[in-house]
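A.B. asks: Turn this into a structure:
(chains A and B)
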Number of protein chains: 2
Amino acid sequence: MSPISVRHLIPVLSLCLCAQYSAAFGLPNPGLGRFTSSLAASTLKTTSVTDGTTPSDDAKIVQFGGSALPQEKPDKQIVGGKGLGLQIMSGIGVSVPPGFTLTTPVCQEFQDSGDLSDEMWAAVREAVKRIEKDTGKGYGNPENPLLFSCRSGAAVSMPGMMDTVLNIGLNKETVEGLAKATNNKRFAYDAYRRLLDMFGDVVLGISHEAFERRLEMLKMKKGVRDDTDFSADDLEELCEAYYEVYAENDKSFPEDPFEQLKACVKAVFSSWNADRAIKYREINGIASLLGTACNIQTMVFGNRGETSGTGVAFSRDPGTGENKMKGEYLINAQGEDVVAGIRTPEPIARMKEVLPDAYEQFMSNVDILEKHFKDMQDVEFTVEDGKLWMLQCRSGKRTGQAAFKIAADLVEEGLCTPEEALFKVEPDHVKQVLHPTFSSEALESKEYKDNVVAVGLAGGPGAAIGKLAFTTEDAEARQSEGVILVRENTSPEDVGGMWAANGIVTSRGGVTSHAAVVARGWGKPCVCGCEQLEIDEKSKTMTVKRTGETFTEGDTISVNGNTGEIVRVAIETSSPALDGEFGKVLGWADALSDKCKVMANADSGPDATKAAELGAQGVGLCRTEHMFFAPERLPVVRRWILRGEDLDKVQEFQRTDFREIMAAMDGKPVTIRLLDPPLHEFLPRVQQVDDAMAKELGYSSAAALISDIESMHEENPMLGLRGCRLAIVRPEVATMQAEAIINAAADLIEQNPDAKPFPRIMVPLVGSIPEFVTQAIIIKRTAERIKAERNIDVPYEIGTMIEVPRAALISDQLASVVDPEDGQPLCSFFSFGTNDLTQMTMGISRDDSGAFIPTYLENGILEEDPFKTIDAEGVGWLVRHSSVNGRAASPGLSLSVCGEHGGDPQSIEFFDKVGLDYVSCSPFRVPVARLATGQAAVKRDGGECDVKRL
Amino acid sequence: MSPISVRHLIPVLSLCLCAQYSAAFGLPNPGLGRFTSSLAASTLKTTSVTDGTTPSDDAKIVQFGGSALPQEKPDKQIVGGKGLGLQIMSGIGVSVPPGFTLTTPVCQEFQDSGDLSDEMWAAVREAVKRIEKDTGKGYGNPENPLLFSCRSGAAVSMPGMMDTVLNIGLNKETVEGLAKATNNKRFAYDAYRRLLDMFGDVVLGISHEAFERRLEMLKMKKGVRDDTDFSADDLEELCEAYYEVYAENDKSFPEDPFEQLKACVKAVFSSWNADRAIKYREINGIASLLGTACNIQTMVFGNRGETSGTGVAFSRDPGTGENKMKGEYLINAQGEDVVAGIRTPEPIARMKEVLPDAYEQFMSNVDILEKHFKDMQDVEFTVEDGKLWMLQCRSGKRTGQAAFKIAADLVEEGLCTPEEALFKVEPDHVKQVLHPTFSSEALESKEYKDNVVAVGLAGGPGAAIGKLAFTTEDAEARQSEGVILVRENTSPEDVGGMWAANGIVTSRGGVTSHAAVVARGWGKPCVCGCEQLEIDEKSKTMTVKRTGETFTEGDTISVNGNTGEIVRVAIETSSPALDGEFGKVLGWADALSDKCKVMANADSGPDATKAAELGAQGVGLCRTEHMFFAPERLPVVRRWILRGEDLDKVQEFQRTDFREIMAAMDGKPVTIRLLDPPLHEFLPRVQQVDDAMAKELGYSSAAALISDIESMHEENPMLGLRGCRLAIVRPEVATMQAEAIINAAADLIEQNPDAKPFPRIMVPLVGSIPEFVTQAIIIKRTAERIKAERNIDVPYEIGTMIEVPRAALISDQLASVVDPEDGQPLCSFFSFGTNDLTQMTMGISRDDSGAFIPTYLENGILEEDPFKTIDAEGVGWLVRHSSVNGRAASPGLSLSVCGEHGGDPQSIEFFDKVGLDYVSCSPFRVPVARLATGQAAVKRDGGECDVKRL
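C.D. replies: Numbers count the residues shown, from 1 in each chain, chains lettered A, B, ... in the order given. Have a look, this model is predicted:
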């Protein structure tokens, strides 16, 4: 047998789709995206994925600097991020060393054929000639040698690919020419030894250490401390030593400059598929790229003496966002010297004194670039003999706090519009502002990096430190010490411990597992599905499978919910405060969001209060039963479930909760879902049952209680007795809950006649008309009865979750049912429960998806985790179908989403296009969702939705 | 709190649907059917469900007999079954006593208002006048009193409703008139005492026993043995005694004949909602009826002397189908005397001698009726003073054997066409012919009836006797004794015991639970979900919950898989042989089925052989893994699953199986589904693990094995790691199976060059394009490799199950994927796995549906169990959508269904309309499906399908 593995098939897959479907590729299409890119790549000569036109051959090499005519609208997908900056800089008159970019299609050609074509290489030689003309130097010319740098550069910044080779073009001959031309032998040999080192390391895979050892040997031999103490002859000797390193490694350094260049280009393109790069793309969900571009640029030297130098700078403070350049430079140095930290760079402001003209020019350039890109810039520059060259510019990475400040300031300064400013803030920025995090310094620290023991899924953002607790009881008991609850997975029984913990770690379950959903709802950091850990709740140990390292109760760990990392020591957290810019930017988002509101999923008064603080315009989902687990309530709930007793007491709990939530949201809608989960979720585990518990619950013996618990076991609880099915089998449920809701609202009005509670009652798991109608009539009759009895008018609405595929298919009918008594529609709203809708439409249990979703993502079978980002083609099709048909049948029908996707920006963009009236998500996602609804509307740019918003 | 129960809402529900949707009611619509009927009922004045027109007021009373003008096309829904017979007989000149029918709309009016309207009653009086004219008698006229019978009669025969009241119109005055008019006082008082008894019993709810006691007392007093020995005066005295019974019960007999009549009519209509009637409708899935009609008919008397008589007859033998009248009569008797069994009736043929004219007339009438109805008739008649009156005619109930014989004979005799003949056979008839059953005598016997201890669901047709076995091991060990396997539920581990058992009983799980599906596949009688039983496998006891009666290992029971009954004694079974008519009728069905083929679900050689015998045109679903449970295979399979070892051995098993199946189906397609169930289904239960087993499976300890087993646990296995997901996570699966399949086919060709194996390889649980494509490419490359290696050309196809809703939504793309190497479509066929498609579309786990589906059916929330009959509106919508789009994208795409619905006639009618190319079902359902495909095509009557068959 010679099995064909799935992974080996990935390249072939792309070709399997009929051309007729490529037209559909413009749509968000998780099922096809990875295919799309490969398809586009392998048929590049005739088609391009980015704009549907045939790229001209020139698009394979794009020139910049000097006499080059920069492209009018360079395409980042084609020229990459670095290339784009160079094109733009070149175009707006900023001096960049002349060069050219081999575009991503060339990378794809290389991936397919394994080589660069002769035509391609001829074109490179032509491009080199242009630069020779511009610089008056000759590539490989010993008299006045032209040198190049070679860098990778994809459309998004991506560690893991080949970095940089400098000084390409030097060889035993040209190094002498350079020495002569610059009248600086030391400089020439310094450049040469750097080339030898980098080329050997990066292109030929010779360990950098081997070169370092020779350098150290020479230092000892010469008795010098720093590289800078080497004489010209020392460096010449070093170059000879480096040649020996090549020989020792059975490699040879190509003396032919064009051979050097070709090898570098190939190394760049090969590095696209290096393991590290693939891994990075996987982790960061980068799947839509064609490949990397490769930038060849004339070398300029900051190390040619005291009128030379090099530096990097941010146009604004990337930590705080303050509009003040932040950067550093070194005189007589090359770029890597700044990074390497051998010499301590000077703050950029001091350059004004040393190189005033260059400084002036630089400040002006940065200003031009900031105005052009309408964003804070991260730039690299070199001064060669007093002349400033800009090497690179890109949007600068920034903290959450800075992102909000910069976005607000840019608008203030008239540099961009609020529409544009929204895109200066990313969801991660919002998260950073909301949750305590590890500072960027801490994350960069050795202490952090060396102590990461395992990496799981980033289940809930933020950072936490605490002592291990293995049971909910332990966590509650030791809450004051600060604990991290670690469990194989969590169930609703664990919510007490989860609430008590600073953070949560599970070894099983995905990012929409119970642990993660609850954690995000409460803003607790959570690492879930960390399969590298073996968590044994009995022995109270957490073992790192790979190493066997074992942690026990009370051991302190740090949890990074943003990255999924678990750290074996305490790492300090920082808690940025919300400030004015946060509200300002999100206010713009709200204003721009084209009537798509953001509501929150909130299950208690404190939840609702938090949600209102964070800008929720109502509660889109209140899971009434989440509060059943409070210790004083659980036995009562259990007695009701098992014995049918104490329903009145359960109702009292609910009434209290609803009163608090509606008070917190006064005047805003509060959407309450009737009891949804299988009742056995509220029962004790069989192992926990003892006679005392049995007695408390009204049983004669533990055995009798166990028998009742076991009789409620289900094979597939997800598809079992829950939602409206419960309320049909046990009709007291709907009546009890409707009474609690309407009474709670009436209580508030009774206390304060100006109170404006507005409950909306949502029937879950509806799959057929009769299911909805029976429930709606019970709710309505009950509500009207209470209103009449108390003589208080409570406005309310009744609607349904759309979470069973069948409901989406019969939406026209669901929206149309009317009350026979008054002829009014019974269904005021649909709220898409996209968690369950995804589970059922795709046939995937969230809780069990960990067994194959990672493989699917790795192999491109899935482009995104469908529980994180909506599957637009399948689940989304149903959402759209249901929305269009529901609204057509009932023009006043409100449409919304209340699954986890309601807080995911990519999903929100989809929901915006459909035209939903609101999205609802956990309180801590509300700001992200507000930003995303604004961004989505701006992206749509006046485009029509599938349904018009109410 | 005053809860509103779901049940109380049922009447109101009907009104909740917008009128705009009523247009859709013509479609099969399980979600709305019950509503539809109620809706129609409550808005009857303006709309009718049957034809969309307003029924005229005359339709409320329909007359027959005498001068009545019978309706041209009486509607059975409106006039009921009895009424229809009377209309027809009246129309074709058969003498029926004049009368009239109060139609089902009147019944509905009565249900709604609780009374008969004045207008209605005025119309009744008008109708009575017409009869008075025809008969020359007067209703309530003491001179020559007209008497009526009153009978219920719905569109389908339905026990449990009010039966009959005879002699209505008699009172203290008219009884004397009758005595005078007939010159027979004894006769008159006999009629009177019967009226008093029946009216008291049936209308007023006085126990019949109370009347019986008086009768017995009088017998003792008079010293007579039989009723017939009473003198006229005795009977008069008896009437007085009966009046006393009324008084004792605080009731009074209404002397006013119209009051009598009204009370009877109301009793008939009330009985529609008697518990027994509701129960009967539930059990028999009768939901579409409007109500019962009520037939008022002039009394004729078979007990007016030796030239009078009464009888019942079947126009052909209902047991064998032989074309020979079978019936019996009694001289000087009323109808109930025949039934009551006090006197022994004579065979009908003897009537020729006694009442030759009436006999002649009767034979002629029956002949006319048979020709008119083109079916065997069940008739009742009375001869009064030598004049023959036909009282009732209807299609006669018959055994399976008779049904086939009659259908074939009717065609033979030119009485009907093959198209019509197909409808003389019902699915239950087919089942009877295929499986051993209890004879109708046995079912009627006291021994049977008194010994039924519990009733579950009819999981697998047929009858079985055996000794209880509680484990699969016991069942296998004691197979030779004849055992019934009783379990809480079964899992794939139990198949050995199931195979060994004569029949299977489970206390949990529905008709599509594992137990039932496997049982039907093997033709084993099965009663499933019998919740009245507590089955304890540990203590090996089966306890009837209600009574506490307990059975233990070795006790003998009988199992009726047709009714779900469990009997505490051995009831003899009979095994009708298949005969010529069976093949003839099914041959017509095949010919008429308009290219919709019937294939079988077969997992082994013997299965496939059986399927071919029963007329399957191929294998539509081979579940390759069903054979993994063979004792010698299981450890090997487990080693592969747990340790990745022994894959070659697993492949050898599969190759053997596939060879056998393809050999049995030589020349016909064999559709093999790749491994589908979660692998943990094949693992031992944790409780079963011991060190020996661990060692056998390559583990150092039981603990290590248990840990691995537990790590494979899933929360919702239905939605977990199974189907193609398995083969993506473990790519060796698809390769191994494809090799086994192609090698098996090649083996057959190698053995015999004329062999024509035709495997079709089916990828399960596909939800996305990449899932299918990766699998299809692996299968195709593997197949081509084997063909090349062995140099044998094996034709084969690759296709996919459509069972995940998402797959149905992207069917156009699934059908379109092509192989990049040859540009050929990769997907040759879709087969709808409607079991899983139903689970996911409706969000209902089959295994757990028992907790609410019964309540749903009872309350009309569901019209049918969706796992039995396809949910046309939801699941069926997806089937149609997928079929239409798949075929449009790939005109050669074969479409089929292989879920349980493939054997359900109502579902087959739906699939026929869609235009599927074949249905596939378990071997023993094949004949039912063949009949159903034929019937469906005839019903469609040349109408277009949604897609045109290949």
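
A.B. asks: Where do the helices of the stretch 101-250 of chain A begin and end?
C.D. replies: Secondary structure of the stretch 101-250 of chain A (DSSP state H, counting those that start in this stretch): helices at A:104-113, A:118-135, A:174-182, A:185-198, A:208-222, A:232-248.

A.B. asks: Out of those helices, which is closest to chain B?
C.D. replies: When those are compared by CB to the nearest CB, helix A:104-113 sits nearest chain B, at 13.2 Å. Where you see a C-beta, it was placed from the backbone N, CA and C, and this is true even at glycine.

A.B. asks: Determine which stretch of the helices of the stretch 101-250 of chain A is the most buried.
C.D. replies: Across the helices of the stretch 101-250 of chain A, averaging neighbours per residue (mean count of other CB atoms under 10 Å in any protein chain shown) puts helix A:185-198 on top, at a mean of 23.

A.B. asks: In CSV: the helices of the stretch 101-250 of chain A, plus distance to chain B and mean pLDDT.
C.D. replies: Converted to CSV, the helices of the stretch 101-250 of chain A look like this (distance: least, CB to the nearest CB, whole Å; pLDDT from 0 to 100):
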stretch, distance to chain B, mean pLDDT
helix A:104-113, 13, 90
helix A:118-135, 25, 94
helix A:174-182, 47, 93
helix A:185-198, 40, 93
helix A:208-222, 38, 92
helix A:232-248, 42, 95
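
A.B. asks: who wins for proximity to A:Glu565 among those?
C.D. replies: helix A:208-222 (27.0 Å; CB to CB).

A.B. asks: And that closest one, what does it pack against?
C.D. replies: helix A:185-198, helix A:232-248 (3 or more CB pairs under 8 Å, 6 or more residues apart in numbering or on different chains; DSSP states H and E).

A.B. asks: relative orientation of it and helix A:232-248 in degrees?
C.D. replies: Computed by axes from the mean of the first three to the mean of the last three CA atoms, to 10 degrees, the angle separating helix A:208-222 from helix A:232-248 equals 140 degrees.

A.B. asks: Just the C-alpha atoms of helix A:208-222, please, in PDB.
C.D. replies: Provided in PDB are the C-alpha atoms of helix A:208-222 (Å, rounded to 0.1, in the frame of the first residue of the first chain):
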ATOM      1  CA  HIS A 208      25.800  31.800  11.400                       C
ATOM      2  CA  GLU A 209      27.600  30.500  14.500                       C
ATOM      3  CA  ALA A 210      30.400  29.100  12.300                       C
ATOM      4  CA  PHE A 211      31.100  32.700  11.100                       C
ATOM      5  CA  GLU A 212      30.800  34.000  14.600                       C
ATOM      6  CA  ARG A 213      33.300  31.600  15.800                       C
ATOM      7  CA  ARG A 214      35.900  32.800  13.300                       C
ATOM      8  CA  LEU A 215      35.100  36.300  14.200                       C
ATOM      9  CA  GLU A 216      35.700  35.600  17.900                       C
ATOM     10  CA  MET A 217      38.900  33.700  17.100                       C
ATOM     11  CA  LEU A 218      40.200  36.700  15.200                       C
ATOM     12  CA  LYS A 219      39.200  39.000  18.000                       C
ATOM     13  CA  MET A 220      41.300  36.900  20.400                       C
ATOM     14  CA  LYS A 221      44.100  36.700  18.000                       C
ATOM     15  CA  LYS A 222      44.100  40.500  17.400                       C
END
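
A.B. asks: which residues are in contact with that helix?
C.D. replies: Contacts with helix A:208-222, where a contact means CB atoms under 8 Å, 6 or more residues apart in numbering or on different chains, come from A:196-197, A:200-201, A:225, A:227, A:229-230, A:234, A:237-238, A:241-242, A:244-245, A:248-249.

A.B. asks: Run the chain-centre distance for that helix.
C.D. replies: Chain-centre distance of helix A:208-222: 43 Å, with CA atoms, centre = their mean, to the nearest Å.
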